[in-house]
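Visitor: 3D model of this:
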Amino acid sequence: MAPAPSAEVVQQAWADYRAAADAAGVEVRIVTAADAWAAATLLEQIWGVKPIEAPMLIALARSGNYAAVAVDGEQILAVTAGYFAAPVGTALHSHVAGVRPGLGGRGIRRVVKLHQRAWCLELGLTQVLWTFDPLVARNAYINIERLGAGLDQYVIDYYGDMTDGINAGQGSDRAIVRWHLERPYSADRVDDTERVNLGDRDLDAVAVLAATIEGDPSVQPLPASATAVTVAVPSDIEAMRGGDPVTAKAWRAALRDTLPALLAAGWRVRGFDSSTGYYLEKD
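Guide: Below is the predicted model:
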């Protein structure tokens with residue numbers, strides 16, 4: 001088992017959370033029995049079904065796992081829950097996280113993750129793993145650029161056929177990310193030697209997946225000489241699913257044709273840019 005995080009690392013993690021929470025005007029707390037029913041209702045409003053029931057939130061919290069809400073006063077703005085994962089004593093799997101619609105840009109999602117980070121480090125855990133839909137640009141940016149999590153795997157139909165209001169009919173492909181919690185955090189950028197600064201990225205990176213003028217996906221062959229590539233995703237796949245589900249499905253297929261193969265061939269995601277998408281270099 002890896003050594004426990006130092007007291008200084010834990011203290012700094014709580015300070016990072018405190019600064020972000022103050023800036024966003026929210027507090028994060030472990031779920032109580034009184035919170036759980038409203039929290040489950042909020043998750044149902046987001047997904048159209050309850051991805052986790054109130055009794056399970058209570059059970060997770062009471063058994064020492066992670067279940068928390070972000071509140072402004074007594075209004076619940078976000079819910080998240082996870083459970084201990086392998087490697088045992090080292091990692092937490094963050095299963096679900098949702099923010100009340102209409103609060104984008106306030107930084108609540110990041111506050112919740114920083115609370116989760118500090119909570120884990122205090123228990124001696126040094127990694128958090130979670131999944132996200134790799135087509136969702138907003139989440140890719142937060143996970144990779146703002147938090148500094150690494151993209152480990154791309155799993156096709158991770159959850160099988162889903163029927164909720166967000167994923168129904170669109171496949172459940174997920175990227176698995178791993179967040180190394182002891183690495184220093186910055187509100188502007190994470191000090192992470194496995195990632196590259198925006199200014200250091202290869203401007204001649206080959207766009208193996210890009211958008212046409214019409215917004216359709218365009219897959220291009222990978223030259224043998226390429227040392228850096230980009231893989232684009234739509235700026236708002238969720239809006240596209242509502243307005244143009246056919247094109248949204250085409251993007252799913254195109255991403256399946258490119259990103260998993262690159263990862264399997266030894267390419268590593270080193271960043272994410274809103275205009276060009278994932279930035280990868282050969283490991």
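Visitor: tell me the SS of the closest residue to R252 other than its chain neighbours?
Guide: Computed as Cβ to Cβ, 6 or more residues apart in numbering, the closest residue to R252 that is not its neighbour in sequence is G171, at 5.2 Å. For every residue, glycine as well, the C-beta is placed using N, CA and C. The local conformation at G171, judged by DSSP: H, G, I helix; E, B strand; the rest coil, is coil.
Visitor: now do the contacts for G171.
Guide: Shown in contact with G171 (Cβ atoms under 8 Å, 6 or more residues apart in numbering): 156-157, 249, 252.
Visitor: for the residues you listed, which one is nearest A187?
Guide: R252 (33.1 Å; Cβ to Cβ).
Visitor: wasn't the closest one part of a helix?
Guide: Yes - counting by three-state DSSP, R252 is found in a helix.
Visitor: that one reaches D157, doesn't it?
Guide: No - judged on Cβ atoms under 8 Å, R252 makes no contact with D157 at a distance of 10.2 Å.
Visitor: neighbour-wise, which of these two wins?
Guide: Neighbour tally, R252 and D157, criterion other Cβ atoms under 10 Å: the higher count belongs to R252, 21 against 12.
Visitor: CA atoms of the top strand by length along the chain as CSV?
Guide: Secondary structure of the chain per DSSP state E: the longest strand is strand 75-85. Output of strand 75-85 as CSV, limited to C-alpha atoms (Å, rounded to 0.1, in the frame of the first residue of the first chain):
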residue,chain,number,x,y,z
GLN,A,75,-31.1,24.7,-1.2
ILE,A,76,-29.3,21.7,-2.7
LEU,A,77,-27.5,22.7,-5.8
ALA,A,78,-25.5,19.5,-6.5
VAL,A,79,-25.3,15.8,-5.5
THR,A,80,-22.4,13.4,-5.7
ALA,A,81,-21.8,9.8,-4.5
GLY,A,82,-19.1,7.2,-4.7
TYR,A,83,-17.7,4.1,-3.1
PHE,A,84,-14.3,2.6,-2.3
ALA,A,85,-12.7,0.8,-5.3
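Visitor: can you name every helix or strand that that strand contacts?
Guide: If contacts are counted by 3 or more Cβ pairs under 8 Å, 6 or more residues apart in numbering; DSSP states H and E, strand 75-85 sits against helix 33-47, helix 54-62, strand 66-72, strand 91-99, helix 108-123, strand 127-132.
Visitor: what residues of stretch 245-253 count as buried?
Guide: Going by neighbour count (16 or more other Cβ atoms under 10 Å), the buried part of stretch 245-253 is 247-248, 251-252.
Visitor: show me what contacts R138?
Guide: R138 makes contacts with 104, 236, as judged by Cβ under 8 Å, 6+ apart.
Visitor: looks to me like it is in a helix.
Guide: Yes - according to three-state DSSP, R138 belongs to a helix.
Visitor: quick one: it from A33, how far?
Guide: Between R138 and A33 the distance is 32 Å, computed by Cβ to Cβ, to the nearest Å.
Visitor: check what contacts the helix or strand S218 falls within and list those residues.
Guide: In the assignment (DSSP states H and E), S218 maps to strand 217-219. Here strand 217-219 makes contact (Cβ under 8 Å, 6+ apart) with 208-212, 232, 250-251, 253-255, 257-258.
Visitor: buried stuff in that strand?
Guide: P217.
Visitor: the next helix or strand after it pairs with which strands?
Guide: The first helix or strand that comes after strand 217-219 along the chain, using DSSP H and E, is strand 228-231. Here strand 228-231 is paired, per DSSP bridges, with strand 206-211 (parallel), strand 277-282 (antiparallel).
Visitor: okay then, goodbye and thanks.
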